[in-house]
Each structure stands twice: as C-alpha cells, then as structure tokens.
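1. Need the 3D shape of this:
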Amino acid sequence: MKQQTSFFTLIMTLGLLALGSIAIPAQAQEHKGGCKHKEHMTQMMQQLDLTEEQHEAIHSIKSELKQKKHEQKKAMKSIKHEMHQLVSAEEFDENSVRALAKKKASMVEEMTMNMAKSMHQILQQLTPEQRAKLEELKKAKHKEKHS
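-> Numbers count the residues shown, from 1 in each chain. From the prediction side, this is the model:
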C-alpha cells in the first residue's frame, strides 16, 4: 500500500510539473506581451497630447493599480504554495482544494475588476476628442497587427 501511495505521489508530482512547464512559458509570454502592451500604451498616450493634470491623474491611477497588483501577486504565490502542499499530501483533501480553488477564482475576479476600474478611470481623464483619437490609434494598431 505504501509503495502504491508513493507511486501515485510520484505520478501526480510529474503531472503537475508537466502542467507547470506548460504554464510557465505561457506566463512568460503573457508577461513579455504585457511589456510590449505597456510600451504601446505609453506611445499612444504620448500621441494624445495630455495635459500635466491628466498625466498626474493617470500616473496616480497606474501607481495605485501597480500596488494592488503587487499585493495580489504575493497572495497568488501563497495560494500556489498551499496548492502544492495539498496535492503533495498523503491523503487528497478535496474540500481544501475546492476552497483554495474558490479563493483563487475570487482573487482573479478581483484582479480583473481592479484592471477594468483603472482603465475606466484612465479613460475618464481623457476628453472626448482624446478618446476618439485613442480609438483611431487602437484600430490602426489592430489593423497593422493583423495584416
């Protein structure tokens, strides 16, 4: 029985490592794309001729979001560690795994809401003309990317 449990633990660990090796490059690619996106957004914002007040307001919004993301990233790392401990345990605790999965889903929802609120707040700083110009820039970038 002990040998079966060890074998099962080995199989589960290898499976999780395989999943992790798939997820890590995807996350790295997402992060890499995130950096390009950040550069692209910075370039677009420069083309909108923002006032000093708009720059300051947008900077403040982005700084607040960055702080929230940092805190959430630490919490997500903690969840990942807890999940690893749960799947590595002798006995599988389905209730604990479900509770942790719900906690993670709730955090992802909160992160999505924070990002959406921040984008909304940034867009509210723009004049109608700047918003129209931003939409034109986005469409041009989309067309360039997909042609």
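
2. Now do the SS call for E90.
-> At E90 the chain is in coil, as set by DSSP: H, G, I helix; E, B strand; the rest coil.

3. tell me the pLDDT at it?
-> The per-residue pLDDT reported for E90 equals 94.

4. Then L14?
-> 49.

5. just the one 10 residues further on next, same as before
-> As predicted, I24 sits at a pLDDT of 39.

6. Least confident secondary structure element in this protein?
-> helix 2-46 (a mean of 53; mean pLDDT, DSSP states H and E).

7. Counting neighbours, what do you get for E39?
-> By other CB atoms under 10 Å, the residues close to E39 number 10. Every residue, glycine included, has its C-beta placed from N, CA and C.

8. start the count at 35, not 1, going forward
-> Taking 35 as the first residue, the last one we looked at is E73.

9. For it, give me its contacts.
-> By CB atoms under 8 Å, 6 or more residues apart in numbering, the contact list for E73 is empty.

10. how close does it sit to M79?
-> E73 sits 11 Å away from M79, going by CB to CB, to the nearest Å.

11. Likewise for L171?
-> In terms of CB to CB, L171 sits 10 Å off from M79.

12. before we move on, what about E143?
-> For E143 relative to M79 (CB to CB), the value is 27 Å.

13. so L160, which of the three states?
-> Taken by three-state DSSP, the conformation at L160 corresponds to coil.

14. quick one: contacts for it?
-> Residues in contact with L160 (CB under 8 Å, 6+ apart) are 82, 84, 88, 168.

15. what about 10 Å?
-> Taking CB atoms under 10 Å, 6 or more residues apart in numbering, we find L160 in contact with 79, 82, 84, 88, 92, 166-168.

16. count of neighbours near V142?
-> Applying other CB under 10 Å, we find 12 residues neighbouring V142.
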